[in-house]
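Novice: dropping the sequence and predicted coords here.
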Amino acid sequence: MKAPLLFIWLFIVASGITWIWLSRSPDLAPARAATSEQRTAQYFDSIRNQPVKLQAFLRNMPKGADLHTHLSGAVYAETFMKWAIQKELCIDPATFKVFDTCGKGQVKLNKDLFKNDGVPYAKVIDAWSTRNWQYSGKNGHDQFFGTFGLWGPLTKQLGQMMAEVRSRAAAGNVSYLEIMLTADGGESWTFGENLKWQENFNDMRDQLTRAGLIEKVGAAEKQLLDQAEQAARDELRCGQSQPDRGCDVEVRYIFQVGRTSPPTQVFTQMFAAFETVNRDPRVVALNLVQPEDNIIAMGDFSLHMRMLDYFHSIYPQVNITLHAGELAPGLVPPEGMRSHIRDSIEIAHAKRIGHGVDLMYERDADQLLQQMASRNVMVEICLTSNDVILGVRGEKHPLRAYMAAGVPVALATDDEGVARSDITREYLKAVEDHNVTYGQFKNMTRTGLEHAFISGQSLWQNFGDLQVTSQCAGDRPESGTVSQQCQQFLNSNRKASLQWNHERNLLVFENQHR
């Protein structure tokens, strides 16, 4: 073989060996060998310890749903203060509690009040939230729950409150919200004040039905939500030029039932909640709220579970999600943490659990984890709230245990205004405290939408392996076109439509990291 030909032959062989080595090397393989998801995960890992870049990445990431947010607790103290000044409400300079009219020693709120240092603005904000709670002289738990009694008159502006929550959710790339609120404006709570308690639940329900509870609650709930939704649309400029991004956030409501009231009022509220969810598609579930460690909440816990079991037998189609296990050692006696999560699932038929922090203190916790995984019971994880209220974070938090057992989980904000957080900070905390990966985040965003209580079938025929429903099996979100069969399915199933849009948003996001 002549020298030039030999040189060419050796060059070709060497090039081939080099190409094979590069293609098999995970670090040096050509960029085109990696998928958009893999490239995004690689970039995420490269900035894991760079807080500024990580914050920007997580803010821009599509997050799907926030399924656990209390409307009053989601509004920031600065917003409440702005409204209080506009309305010229009154404040007690010693306690920072707001009143509609001024009493002895109280002063009217206005901008000049703060300019003249009549009331220290910063201290009011601290009192109305958990900002700087370490210096309040209280623990995080008491500071958190104590704020709600200070700005009560300001929570009447439901529409403006909804607008703020939707706008902030959109800024964090959340596409769907389930907001907890008193959907009937407290009508059922008041109705239950004069009800005589009986152990026979059927008789109790008959009393309330004859007294017209269903009609009164229905009218109050419809008026409240109709007016609030219109006010929110006006505030966000929906349908106008340059609307707020919050207009694009889909919203449903969860009827909250106070668990610290006497049994007659809890029962009445539950009845109203089940009836409302059964009738109004905007209200998709009910939940028990207020501190789980409260003396009444603890003492009547078993009774509340039996009430929910009773109503579930009448309204089996109504969704139930429950705060359960929002407890920590020392907050209640050890026996108080042995069954709240389990009973919420086994007796009260909860499809989702909020918090679930005391998991490993429950009896037979490993079996409970297996049961939650097999029953597909999702946990709404609220990291900042658990840290502030319970002092539980990092290795003490059961997030990793839930994930390892295959229990569905999704991050949520809980009370982002009071806790001084937002959905992006919850994701950031998951990285800092739990070393969550991009792939795990992506699964959480899908899980939230899969377990949302919105109407319609899922996009996924089998969520476990992300097998798309047969109607859309031949379609791809990135194609920009959808077959007629798939489009009809999406039009008829709002959940599937939200999931389809989420998949498209994820693809757009991941394609930014080429």
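Specialist: Perfect, thanks for sending it. Residues are numbered from 1 along each chain as shown.
Novice: test my guess that Leu498 contacts Ile454.
Specialist: Yes: using Cβ atoms under 8 Å, Leu498 is in contact with Ile454, at 6.8 Å. Every residue, glycine included, has its C-beta placed from N, CA and C.
Novice: for the two, list the residues in contact with both.
Specialist: Shared contacts of Leu498 and Ile454 (Cβ atoms under 8 Å, 6 or more residues apart in numbering): 176, 250.
Novice: OK, contacts around Glu450?
Specialist: Glu450 neighbours (Cβ under 8 Å, 6+ apart): 408, 458, 460, 463, 499.
Novice: how near is it to Ser167?
Specialist: Separation of Glu450 from Ser167 (Cβ to Cβ, to the nearest Å): 25 Å.
Novice: hang on, isn't Met81 packed against Ile125?
Specialist: Yes: judged on Cβ under 8 Å, Met81 makes contact with Ile125 at a distance of 7.0 Å.
Novice: comparing these two, which shows the higher neighbour count?
Specialist: A count of neighbours by other Cβ atoms under 10 Å puts Met81 above the other of Met81 and Ile125, at 21 against 18.
Novice: tell me which element the more buried one falls in.
Specialist: Using DSSP states H and E, Met81 sits in helix 77-87.
Novice: state the next helix or strand along the chain beyond that helix.
Specialist: strand 90-91.
Novice: check which helices and strands that next one sits against.
Specialist: strand 98-99, strand 107-108 (3 or more Cβ pairs under 8 Å, 6 or more residues apart in numbering; DSSP states H and E).
Novice: partners of it, with directions?
Specialist: strand 98-99 (antiparallel), strand 107-108 (antiparallel) (DSSP bridges).
Novice: phi, psi for the residue nearest the centre of the chain please.
Specialist: Among the residues of the chain, the one closest to the centroid is His68, at 2.6 Å (Cα atoms, centre = their mean). Backbone torsions of His68, given as degrees, to the nearest 10, read phi -140, psi 90.
Novice: show me the strands in the stretch 101-250 of the chain, by range?
Specialist: 107-108, 174-181, 250-258 (DSSP state E, counting those that start in this stretch).
Novice: helix or strand with the lowest mean pLDDT in the chain?
Specialist: Every helix and strand in the chain was compared by mean pLDDT, DSSP states H and E; the lowest is helix 3-24, with a mean of 40.
Novice: ok, then the element right after that one?
Specialist: helix 36-46.
Novice: per-domain residue ranges of the protein.
Specialist: Here the domain parsing of the chain from automatic domain parsing is 64-71+155-454, 75-150, 463-513.
Novice: wait, which of these is closest to Ala34?
Specialist: Closest of those to Ala34 is domain 463-513, at 10.0 Å (criterion: Cβ to Cβ).
Novice: straight-line length of that closest one, end to end?
Specialist: 26 Å (Cα to Cα, to the nearest Å).
Novice: off-centre distance for that domain?
Specialist: Averaging C-alpha positions (Cα atoms, centre = their mean, to the nearest Å) puts domain 463-513 23 Å from its chain's average.
Novice: any idea of the mean pLDDT for it?
Specialist: What domain 463-513 shows for mean pLDDT is 93.
Novice: where does this protein have low pLDDT?
Specialist: 1-33, 115-118, 514 (pLDDT under 70).
Novice: what about 80?
Specialist: Applying pLDDT under 80 to the chain flags the ranges 1-34, 111-119, 478-480, 514.
Novice: mind checking the longest helix of it?
Specialist: helix 213-236 (DSSP state H).
Novice: which residues are contacting that one?
Specialist: 157-160, 162-163, 166-167, 183-185, 187-188, 191, 208, 239, 243-244, 246-247, 253, 268, 271-272, 275-276, 279-280, 282-283.
Novice: can we see that at 7 Å?
Specialist: For helix 213-236, the surrounding residues in contact (Cβ atoms under 7 Å, 6 or more residues apart in numbering) are 158-160, 162-163, 166-167, 183-185, 187-188, 191, 243-244, 246-247, 268, 271-272, 275-276, 279-280, 282.
Novice: and that helix, what's buried?
Specialist: 213-214, 216-218, 220-222, 224-225, 228-229, 231-233, 235-236 (16 or more other Cβ atoms under 10 Å).
Novice: going along the chain, name the helices of the stretch 201-350 of the chain.
Specialist: Applying DSSP state H, counting those that start in this stretch to the stretch 201-350 of the chain gives helices spanning 201-210, 213-236, 263-279, 295-299, 301-314, 340-346.
Novice: okay, those in JSON lines with distance to Lys104 next?
Specialist: Below are those laid out as JSON lines (distance: least, Cβ to Cβ, whole Å):
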{"stretch": "helix 201-210", "distance to Lys104": "41"}
{"stretch": "helix 213-236", "distance to Lys104": "33"}
{"stretch": "helix 263-279", "distance to Lys104": "32"}
{"stretch": "helix 295-299", "distance to Lys104": "32"}
{"stretch": "helix 301-314", "distance to Lys104": "40"}
{"stretch": "helix 340-346", "distance to Lys104": "43"}
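Novice: so which of those is nearest Ala324?
Specialist: helix 340-346 (4.0 Å).
Novice: so which elements touch that closest one?
Specialist: strand 319-324, helix 365-375 (3 or more Cβ pairs under 7 Å, 6 or more residues apart in numbering; DSSP states H and E).
Novice: rerun that using 10 Å as the cut-off
Specialist: Packing contacts for helix 340-346, counted by 3 or more Cβ pairs under 10 Å, 6 or more residues apart in numbering; DSSP states H and E, involve helix 301-314, strand 319-324, strand 352-355, helix 365-375.
Novice: which residues touch the first one?
Specialist: With contact meaning Cβ atoms under 10 Å, 6 or more residues apart in numbering, helix 301-314 is reached by 199, 201-202, 204-205, 257, 259, 263, 266-267, 269-271, 273-275, 278, 286, 288, 292, 296-297, 300, 318, 320, 322, 324, 336, 339-340, 343-344, 346-350.
Novice: noted, bye for now.
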